[in-house]
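A.B. asks: Structure of the sequence below:
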Amino acid sequence: MQPLLSRHVETEESLRLGVTSGWYTTKVSGTFVTGPHDTEKECLSKIAELNPPIKRK
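C.D. replies: Numbers count the residues shown, from 1 in each chain. Okay, the predicted model is just below:
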C-alpha cells in the first residue's frame, strides 16, 4: 500500500474542492482517503490503523 499522509484543508481550499475543512488522510497523489478529522492526531491515528508499520524480524 502507498504511504498515507496527513493534510490540513483550510476553509478557502475546502470551498474550492467542495469538501469540509479539516484534516484528511491522503495518498501521495493527493487523493483523499479518509476525513475530515478534527485534529492532526486523529488523522495520524487513522493512518496508523490503515497502514500499520512494517514489523521487521
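A.B. asks: what's the burial count for F32?
C.D. replies: F32: 14 surrounding residues under other C-beta atoms under 10 Å. C-beta coordinates here come from the backbone N, C-alpha and C atoms, glycine included.
A.B. asks: Which parts of this structure are helices?
C.D. replies: 11-17, 40-50 (DSSP state H).
A.B. asks: Looking at these, spot the one closest to L5.
C.D. replies: helix 40-50 (7.7 Å; C-beta to C-beta).
A.B. asks: returning to that earlier point: highest mean neighbour count out of the helices of the chain?
C.D. replies: Stretch with highest mean neighbour count among the helices of the chain: helix 40-50 (a mean of 15; mean count of other C-beta atoms under 10 Å).
A.B. asks: Give me the packing partners of that helix, helices and strands only.
C.D. replies: If you count contacts as 3 or more C-beta pairs under 8 Å, 6 or more residues apart in numbering; DSSP states H and E, helix 40-50 packs onto strand 4-9, strand 22-27, strand 32-37.
A.B. asks: Please determine how far C43 is located from K55.
C.D. replies: 23 Å (C-beta to C-beta, to the nearest Å).
A.B. asks: Revised request: answer the last question for S6.
C.D. replies: Taking C-beta to C-beta, one finds S6 at 22 Å from K55.
A.B. asks: how far away is the nearest residue to S29 once chain neighbours are set aside from V33?
C.D. replies: Excluding its sequence neighbours, the residue lying closest to S29 (C-beta to C-beta, 6 or more residues apart in numbering) is Q2, at 7.8 Å. Distance, Q2 to V33, using C-beta to C-beta: 9 Å.
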